[in-house]
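Novice: curious how this folds, go ahead:
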Amino acid sequence: MHRLYSIIVIIIFLFASPIQVASAEVELAEDVKAEIEAYLENITSEYGIAGQSLVVLKNGTIVHTSARGMASVELGVAASENTVYQSFSLAKLFVNVAIMQLVEAGTVKLDISVSQYLRDLPRAWQHITVRQAMSHMTGLPDYYQWPSPTPETQHDAFQSVTNKALEFEAGSATRYNQTNYLLLKMIIERTSGEEFVQTMTTRMIDRLGLANTSYGGEYAVVAGRATTYRSASGVLARNVHVDQPDYMFASTGLNTTVLDMAKWFAALLDNSLLSEDSMAAMWTPVLLNDGSVANFANGWEFAEDDHMRIVGHGGGNRTDVRHFFEPGNPQSITVIYFTNGSARNLWPGSVSNEIARIIRRD
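Specialist: Okay, here's the model as predicted:
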């Protein structure tokens with residue numbers, strides 16, 4: 001009976017999981033995997049990382065996974081590829097794709113004013129476009145001023161900034177800002193006719209079967225979620241509590257695993273979430289008023305290295321998703337790297353960049 005049960009479980013897993021298994025064309029050489037593992041071991045010691053999980057994809061196919069350290073130091077729980085992490089600002093990636101889905105449906109246009117979708121905005125805000133909000137080019141004042149107390153409600157958040165002047169002319173600069181994504185949340189709710197979490201659950205989580213992905217803030221009870229740590233004068237300590245009210249869920253509050261994030265990214269790359277044209281448009285550089293390239297391409301952190309484009313996002317200085325590709329070339333590398341904190345302030349984006357460099361050098 002036990003053997004029959006095991007066979008049934010395996011069959012269900014094989015047919016239910018859309019995650020691809022690496023083929024010979026995209027698999028990593030063993031020496032490359034070994035170099036990646038040696039690098040992870042080195043930074044574990046150098047930065048005092050509590051726990052970390054990694055998935056690497058080539059051309060949308062998983063080619064390497066890794067996990068080490070502790071999801072909970074106090075409870076002695078090891079980190080794994082199935083450890084749930086607070087992803088912090090990686091939540092914005094789901095929002096970016098949802099907005100592009102609404103663009104595909106003809107419900108939203110990126111280059112018209114947010115006031116076309118949201119009534120009663122301050123006069124100074126009404127010329128700001130959806131694209132500028134996605135790419136942090138609005139000049140809006142930020143309601144989130146940590147370590148000052150987070151406004152308790154969405155109404156309080158708006159009231160704290162509506163009478164403040166713009167910090168710069170819209171489109172003239174880039175400044176990371178949570179107010180932008182509150183506007184995008186409201187646009188998603190207004191155009192979909194649903195509460196934000198329900199829309200995102202339908203469009204992303206349930207659609208792709210992301211079984212270990214959910215919304216919930218700092219105080220939510222989330223099964224399998226890692227304890228979050230911080231640096232306290234070079235020593236690992238429990239993270240200070242950071243309020244994540246429900247109205248902030250377009251900016252933060254997404255809990256997920258590296259495997260679920262890999263499934264989401266694979267679906268993005270095989271055009272299950274967006275068409276090829278929408279993908280190309282989303283990852284096209286956005287220009288500032290003076291013609292220079294902005295730091296974000298429709299909400300994705302954007303950089304170029306020779307002919308390579310790099311798009312992605314970090315979260316809470318603990319998680320990172322980074323995609324490396326050349327326009328028109330089907331070859332790509334995606335690195336999904338999560339930690340629950342370190343004693344000596346590691347920037348996760350540097351890990352993604354280094355792992356991609358190791359693979360590209362091969």
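
Novice: C-alpha only now, for contacts and for neighbours.
Specialist: OK.

Novice: poorly predicted segments of this structure, please.
Specialist: 1-25 (pLDDT under 70).

Novice: any chance you could map the helices in the stretch 251-362 of the chain?
Specialist: 258-269, 276-282, 348-361 (DSSP state H, counting those that start in this stretch).

Novice: residue 324 is nearest to which of the ones you listed?
Specialist: helix 348-361 (7.6 Å; C-alpha to C-alpha).

Novice: where's the closest one relative to the chain centroid, distance-wise?
Specialist: Between the centre of helix 348-361 and the centre of its chain there are 17 Å (C-alpha atoms, centre = their mean, to the nearest Å).

Novice: ok, residues contacting it?
Specialist: The set of residues external to helix 348-361 that reach it, using C-alpha atoms under 8 Å, 6 or more residues apart in numbering, is 28, 32, 35-36, 314, 317-322, 324, 333-339.

Novice: PyMOL command to pick out the buried ones of the residues you listed?
Specialist: Entered in PyMOL, the line below selects the buried ones among these, by 16 or more other C-alpha atoms under 10 Å:
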select buried, resi 28+32+36+314+317+318+319+320+321+322+324+333+334+335+336+337+338+339
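
Novice: in CSV, list the helices of the stretch 251-362 of the chain along with mean neighbour count and distance to residue 236.
Specialist: As requested, these are exported to CSV (neighbours: other C-alpha atoms under 10 Å; distance: least, C-alpha to C-alpha, whole Å):
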stretch, mean neighbour count, distance to residue 236
helix 258-269, 22, 23
helix 276-282, 15, 38
helix 348-361, 17, 16
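
Novice: pull out the buried residues from stretch 160-177.
Specialist: 161-162, 166, 170-177.

Novice: give me the next element, helix or strand, following the helix or strand hosting residue 188.
Specialist: Residue 188 belongs to helix 178-192 when assigned by DSSP states H and E. Note on helix 178-192: by DSSP H and E, the next helix or strand toward the C-terminus is helix 196-200.

Novice: for residue 48, state which of the buried residues of stretch 160-177 is nearest.
Specialist: For those, the nearest to residue 48 is residue 176 (28.1 Å; C-alpha to C-alpha).

Novice: distance-wise, check the closest one relative to residue 345.
Specialist: To residue 345, residue 176 is 20 Å away according to C-alpha to C-alpha, to the nearest Å.

Novice: the nearest residue to residue 117 once chain neighbours are set aside: neighbour count?
Specialist: Excluding the flanking residues, the one nearest residue 117 by C-alpha to C-alpha, 6 or more residues apart in numbering is residue 187, at 6.1 Å. By other C-alpha atoms under 10 Å, 22 other residues sit near residue 187.

Novice: how about residue 346?
Specialist: Residue 346 has 20 nearby residues by other C-alpha under 10 Å.

Novice: isn't it up against residue 316?
Specialist: No: counting by C-alpha atoms under 8 Å, residue 346 sits too far from residue 316 to count as a contact (11.0 Å).
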